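my questions concern the predicted model and sequence given below.
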Amino acid sequence: MVNAADTAIFRRDGVVCLRDALSPETMQLAQAAFEWSLDHPGPGASELPSRGTGIFYQDLANPGALIAYDRLVRETEVGDLIAALWDQPTVWFMYEQVFKKEGGDTRRTPWHQDSPYLPVRGSQLAVMWISFDPVAADQALEFVRGSHEGPVYDGSRFDPEDDTLPLYGDGSYPRLPDIEADRARWPLVSWPTEPGDVLVFHPSVLHGGGATGPQGRRRTLSLRFFGEDARVAWRPGMRSGAVENPAIDPDPAVHPLTRMRSLPDGAPFRDAAFPRIRP
């Protein structure tokens, strides 16, 4: 399913497209998990600001999803794909994120990296992007090839008037470049996809998504994973060093990703509640 060329591309570019990677049975489990998330919004559910008439809904890191997604991440080829791309056998599931664009024109997803929003760093990090709808070339997720090796920029506030408006703005990270203003300067790559195809990328890769039109709909599930070399990364506002060890008997109402924000910078990114799915 994943060959040596895929692994090399992932390491070099920070993103790879795997065609027909998920079986119909796995896609059914993934869609059931997606629908569970829509029916059980968590504390991170929100509607992102849009310049158009359509809905751009997202939810992420719902503590209940760790159980609801268990079969999908443990009993399918999902974990094997990630382990093969890392060429490393140990994989933990970090969290899920769902996106839904529909009901009219929606803005393109602003260029950003996921890393500034997450208290984690390492080479063994991966986002698996699964769409339940065909995605045409003009609506595809786009990436800046190799940008996972470059600087971590400040996050985007997803402000409808300024895509590069900083999330933190305290000088900890450089401001996001305005990629849309000079697209020819950047080594961009994207793929139209069909259900069953997956995009896998490192969360430090710069990426952004195409808009949807009046008749368009895009339902997407992202699954996030980490491996042995993952370490806690301090982000502005974190209580860095507040505790020395992750929870041994964690509160199931609190997502382990939240607890990671209280560990010292550089601590192993570990919590008893993160499901270890491989081996």
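It's in. Numbers count the residues shown, from 1 in each chain.

next helix or strand past whatever helix or strand Tyr95 lives in?
Assigned by DSSP states H and E, Tyr95 belongs to strand 91-102. Scanning the chain past strand 91-102 towards its C-terminal end, the next helix or strand to appear is strand 109-112 (assignment: DSSP H and E).

name the helices or strands packed onto the helix or strand just after that next one?
Toward the C-terminus, strand 109-112 is succeeded by strand 120-121 as the next helix or strand (DSSP H and E). Other helices and strands packing on strand 120-121, by 3 or more Cβ pairs under 8 Å, 6 or more residues apart in numbering; DSSP states H and E, are strand 231-232. Where you see a C-beta, it was placed from the backbone N, CA and C, and this is true even at glycine.

run through who's touching the strand it packs on.
Outside strand 231-232, the residues within contact range by Cβ atoms under 8 Å, 6 or more residues apart in numbering are 119-122, 260, 263-269.

with adjacent residues omitted, what lies nearest to His40?
Spatial nearest neighbour of His40, chain neighbours left out: Gly64 (5.9 Å); criterion: Cβ to Cβ, 6 or more residues apart in numbering.

against Arg185, how distant is that neighbour?
Gly64 sits 43 Å away from Arg185, going by Cβ to Cβ, to the nearest Å.

and Arg107, its phi and psi?
Here is the backbone geometry of Arg107 (degrees, to the nearest 10): phi -70, psi 160.

just give me how far the strand holding Tyr95 sits from the chain centre.
Here the centre of mass of C-alpha atoms in strand 91-102, compared against the chain's by Cα atoms, centre = their mean, to the nearest Å, lies 6 Å away.

elements contacting that strand?
The helices and strands touching strand 91-102, judged by 3+ Cβ pairs under 8 Å, 6+ apart, are helix 24-39, strand 55-60, helix 65-68, helix 78-86, strand 218-226, strand 276-278.

show me what the residue minimising distance to the centre of the chain is bridged to.
The geometric centre of the chain, computed from its C-alpha atoms, lies nearest to Val127 (Cα atoms, centre = their mean), at 4.5 Å. Under DSSP bridges, the beta-bridge partners of Val127 are Phe201, Arg224.

list the contacts for it?
114, 200-203, 222-225.

can you redo those as JSON lines with pLDDT?
Shown next, in JSON lines, are these (pLDDT from 0 to 100):
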{"residue": "Asp114", "pLDDT": "98"}
{"residue": "Val200", "pLDDT": "98"}
{"residue": "Phe201", "pLDDT": "98"}
{"residue": "His202", "pLDDT": "98"}
{"residue": "Pro203", "pLDDT": "98"}
{"residue": "Ser222", "pLDDT": "98"}
{"residue": "Leu223", "pLDDT": "99"}
{"residue": "Arg224", "pLDDT": "98"}
{"residue": "Phe225", "pLDDT": "99"}
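
most surrounded residue in those residues?
Of all the contacts of Val127, Phe225 has the most neighbours under the rule other Cβ atoms under 10 Å, reaching 27 neighbours.

tell me where the model's unsure across the protein.
For the chain, applying pLDDT under 70 flags the ranges 215, 240-249.
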